[in-house]
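Engineer: Okay, predicted coordinates and the sequence, questions at the end:
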Amino acid sequence: MIRKLLLSSATTALLMGTAAAADLPKREPPPVFTPVPVFSWSGFYAGFNLGYAFSAQENLRPTVANIAPGLTPGSSLFITGAGAPAAGALAFSNNANNLNGFSGGGQIGYNYQFTPGSGFVIGFEADAQYVDFGRNRNRFAFATVPGGGINPGSLVFSPNGIATLDFFGTVRGRIGYAWDRTLIYGTGGFAYGSGGGRELGLPSTTSNSFQTGWAAGGGIEYALASDSWLNFFRASAVTFRVEGLYVNLARDNRNFGVFAVTPNNTPLSVFSPGVSLVSGPAVRRTSEFAVVRAGVNYKFGTY
């Protein structure tokens, strides 16, 4: 009897425990954690920039003009060996003006980051830029002083510098260090540029020159979120940069040649009494300038 009572009590307790367990809330599985991808600067990019270029120089440095063989001071114009004007000599002026203006263009390049997130970044970039330095900036004049073989005060040679740099470009390497979405870098490499000019005077010449040189600078770049309103092309990232660049193009050595002038300041091909034969100045011209610009790049490739 007692055995039956104990067995019945145990069965009842077991059934009650099972029913109570069924009423307990179900345990939810742990949430799945999806890590945010670490940003990498690796990948190709293309973009555009706008900026301002300043302190461009067209440096004109004349050498001493020579007189024709057999001519002596007093019978024609001359300049002393030291370059200082004397009685009856040519007086000259030399202006090397600073040029400032708008600059804008585009760039393409590639970056490789060794360790995504934070780490060193290397790459290369090529850009082409329009630059507006204006014209009629350089002036170089020869004029006579009293006692000269040509009427005193008359203008002999005046190549007004209708010359400018129309465009330039660079092909550069880049190296920097990234802290996640912020990149600080230095850059340097090959530079080129081209422009035209026309010298007005006796004689008058027209020229177009292509110059090469080097460029160096640095900047800071920040990667915006991929859903930025600037992401018109569905790129993996949009970056914004501020950059400074110094450009130095090779020197251009020229000589304007020998020309003859009459007392009326007209060119003459045959030497005769009363005519001065003068060699034009040798010119060494250097184009160098700095550019400060802001740009936007669209990166395609690794996140």
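Structural biologist: Good, I have the coordinates.

Engineer: nearest residue to residue 116 other than its sequence neighbours?
Structural biologist: Distance criterion CB to CB, 6 or more residues apart in numbering; nearest residue to residue 116, sequence neighbours excluded, is residue 40 at 4.0 Å. (Each C-beta comes from the backbone N, C-alpha and C, glycine too.)

Engineer: Just want to check the distance between the one you found and residue 121.
Structural biologist: 9 Å (CB to CB, to the nearest Å).

Engineer: Tell me which of the two has more neighbours.
Structural biologist: residue 40 (24 against 21; other CB atoms under 10 Å).

Engineer: doesn't residue 118 make contact with that one?
Structural biologist: No - counting by CB atoms under 8 Å, residue 40 stays clear of residue 118, with 10.6 Å between them.

Engineer: Now the common contact residues for residue 40 and residue 121.
Structural biologist: Counting by CB atoms under 8 Å, 6 or more residues apart in numbering, the contacts common to residue 40 and residue 121 are residue 113.

Engineer: Now do the SS call for residue 211.
Structural biologist: Under DSSP: H, G, I helix; E, B strand; the rest coil, the three-state class of residue 211 is strand.

Engineer: Poorly predicted segments of the stretch 101-250 of the chain, please.
Structural biologist: Along the stretch 101-250 of the chain, the model assigns pLDDT under 70 to residues 134-164, 196-208.

Engineer: how about the helices in it?
Structural biologist: With helices called from DSSP state H, counting those that start in this stretch, the stretch 101-250 of the chain shows none.

Engineer: need the strands for it, in chain order.
Structural biologist: Ranges of strands within the stretch 101-250 of the chain are 118-131, 140-144, 155-157, 162-163, 167-179, 182-199, 205-224, 237-255, based on DSSP state E, counting those that start in this stretch.

Engineer: of all those strands, which lies closest to residue 111?
Structural biologist: strand 118-131 (3.9 Å; CB to CB).

Engineer: Mind listing the strands that closest one pairs with, and their directions?
Structural biologist: strand 98-113 (antiparallel), strand 167-179 (antiparallel) (DSSP bridges).

Engineer: will you turn those into a markdown table that also has mean neighbour count and distance to residue 54?
Structural biologist: Listed next are those as a markdown table, based on neighbours: other CB atoms under 10 Å; distance: least, CB to CB, whole Å:
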| stretch | mean neighbour count | distance to residue 54 |
| --- | --- | --- |
| strand 98-113 | 18 | 4 |
| strand 167-179 | 18 | 14 |
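
Engineer: With distance to residue 45 as added columns, please give these in JSON lines.
Structural biologist: JSON lines is the format used below for the strands paired with strand 118-131 (distance: least, CB to CB, whole Å):
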{"stretch": "strand 98-113", "distance to residue 45": "6"}
{"stretch": "strand 167-179", "distance to residue 45": "11"}
